[in-house]
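Colleague: sequence-free structure coming up:
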């Protein structure tokens, strides 16, 4: 795929929001994209009871299977309380910090399925005492959302918002400076729209190069491509899928943390290739060493630029499948700046090269 095709796919996926637990609208776009890529292969796209979307390419032996995971959902919030004055208090849905939330625009899904616009309230600098201006740590539980309502009844009856309503962060999704640079993306939910798109680029490569006219992939492993749910709230979809399917190894596609000089993560660059992650979760997530080595060998053999990474405040689908299910797992990250903020930054080339690395790994699989 060229950059224009990849851009069209990721923007199409971004057109539907997917707070954790409500991934179906974006999942259906993923399903439609997969079906276009499969064309006449007669390979079904399936959905399990936790909402994971997946496609299985049957291998030449059927004795082993590998799953390539990328998650559908995005960070957001949940309405926790409707106040008498019409403002809303909220809880986090997924992990992020409060310091970037003030004055962020958001959307709330009401009971009629309509997205209602709101703003996370922040006290004006004109009315903030000097001693409070330097406060760095903001607890989201202390913040409120303004939607224009003047009382609780208006929120419930006119805006049709209820306690428990999901929230997502607003924004645009587009090339950052398209007239100058046709590679750098800016937008919400880059974690994990970039990886979800990467799996579609990977499917395209598999179908064009490894899948025969009967739908059989010419490697000894069955290959599952999976769009998982509920990753941001505990990797529930991945654990459910891998536990209920005969999977022998897992590759998770997620984000690689592009860090600033004060970061505690590895020195990852935006344009230096996919990140092979060796460890995360403050040292509690150790990926399969030989699996990571195999990926580096494949990258070097095929002259694919890559980066080695160790992350701290981070976890993934692949980390949990290994930790809790004992399945050898590896994680490949697409470089992303400003993760779990809005906007996040990534690149179309990062998506494509990550897909190429995983494609070459699948191609190298032996009995």
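Modeller: Perfect, I can see it now. Note that the structure is predicted; figures quoted are calculated from it, not measured.
Colleague: among the helices and strands of this protein, which has the poorest mean pLDDT?
Modeller: helix 130-133 (a mean of 68; mean pLDDT, DSSP states H and E).
Colleague: buried sites along the next helix or strand after that one?
Modeller: Next along the chain after helix 130-133, taking DSSP states H and E as the criterion, comes strand 144-146. Using 16 or more other C-beta atoms under 10 Å as the test for burial, strand 144-146 gives 144-145. Where C-beta positions appear, they are placed from N, C-alpha and C, glycine not excepted.
Colleague: Would you tell me what the next helix or strand after strand 144-146 is?
Modeller: helix 152-157.
Colleague: Retrieve the pLDDT associated with the nearest residue to residue 108 once chain neighbours are set aside.
Modeller: Spatial nearest neighbour of residue 108, excluding adjacent residues (C-beta to C-beta, 6 or more residues apart in numbering): residue 116 at 4.7 Å. The score at residue 116 is 98. That number is its pLDDT.
Colleague: for residue 116, helix, strand, or coil?
Modeller: strand (DSSP: H, G, I helix; E, B strand; the rest coil).
Colleague: The chain should start at 59 in everything you say after this.
Modeller: Noted, 59 is the first residue going forward, which turns the last one into residue 174.
Colleague: Give me the number of neighbouring residues for residue 360.
Modeller: As a burial measure, residue 360 scores 14 neighbours (other C-beta atoms under 10 Å).
Colleague: thought it was touching residue 416?
Modeller: No: using C-beta atoms under 8 Å, residue 360 is not in contact with residue 416, being 11.4 Å away.
Colleague: Hmm, residue 135 is touching residue 151, no?
Modeller: Yes: with contact defined as C-beta under 8 Å, residue 135 reaches residue 151; the gap is 5.2 Å.
Colleague: what about the two, which has more around it?
Modeller: residue 135 (26 against 21).
Colleague: May I ask which helix or strand encompasses the more buried one?
Modeller: Secondary structure (DSSP H and E) places residue 135 in strand 134-140.
Colleague: The next helix or strand after that strand to strand 134-140, inter-axis angle?
Modeller: Using DSSP H and E, the helix or strand that directly follows strand 134-140 along the chain is strand 146-151. What separates the directions of strand 146-151 and strand 134-140 is an angle of 150 degrees, with axes from the mean of the first three to the mean of the last three C-alpha atoms, to 10 degrees.
Colleague: Pull out the buried positions in strand 146-151.
Modeller: Neighbour-count burial for strand 146-151 flags 146-148, 150-151 (criterion: 16+ other C-beta under 10 Å).
Colleague: Sheet partners, orientation included, of that strand?
Modeller: Strand 146-151 pairs in its sheet with strand 134-140 (antiparallel), strand 202-204 (antiparallel), by DSSP bridges.
Colleague: Export these as a markdown table, with columns for distance to residue 164.
Modeller: Formatted as a markdown table, those follow (distance: least, C-beta to C-beta, whole Å):
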| stretch | distance to residue 164 |
| --- | --- |
| strand 134-140 | 7 |
| strand 202-204 | 6 |
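Colleague: In JSON lines, list these along with distance to residue 119 and mean pLDDT.
Modeller: JSON lines is the format used below for the strands paired with strand 146-151 (distance: least, C-beta to C-beta, whole Å; pLDDT from 0 to 100):
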{"stretch": "strand 134-140", "distance to residue 119": "42", "mean pLDDT": "98"}
{"stretch": "strand 202-204", "distance to residue 119": "54", "mean pLDDT": "97"}
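Colleague: Can you tell me which of these is nearest to residue 286?
Modeller: Residue 286 lies closest to strand 134-140 among the strands paired with strand 146-151, at 16.8 Å (C-beta to C-beta).
Colleague: average pLDDT for stretch 395-411?
Modeller: For stretch 395-411, mean pLDDT is 96.
Colleague: Break the chain into its domains for me.
Modeller: By the assignment in automatic domain parsing, the chain contains the domains 61-132+246-421, 134-229.
Colleague: can you give me the end-to-end distance of the last one?
Modeller: So that's domain 134-229. Domain 134-229 has an end-to-end distance of 13 Å (criterion: C-alpha to C-alpha, to the nearest Å).
Colleague: Would you pull up how far it lies from the middle of the chain?
Modeller: On the basis of C-alpha atoms, centre = their mean, to the nearest Å, domain 134-229 sits 23 Å off its chain's mean C-alpha point.
Colleague: got a list of what residue 326 touches?
Modeller: Residue 326 makes contact with 314-317, 333, 365, 367, 391, 393, according to C-beta atoms under 8 Å, 6 or more residues apart in numbering.
Colleague: Just the buried residues from those residues, in ChimeraX please.
Modeller: To isolate the buried ones among the contacts of residue 326 in ChimeraX, judged by 16+ other C-beta under 10 Å, type:
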select :314,315,316,317,333,365,367,391,393
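Colleague: Which single one of the contacts of residue 326 is nearest to residue 217?
Modeller: The nearest member of the contacts of residue 326 to residue 217, counting by C-beta to C-beta, is residue 315 at 36.9 Å.
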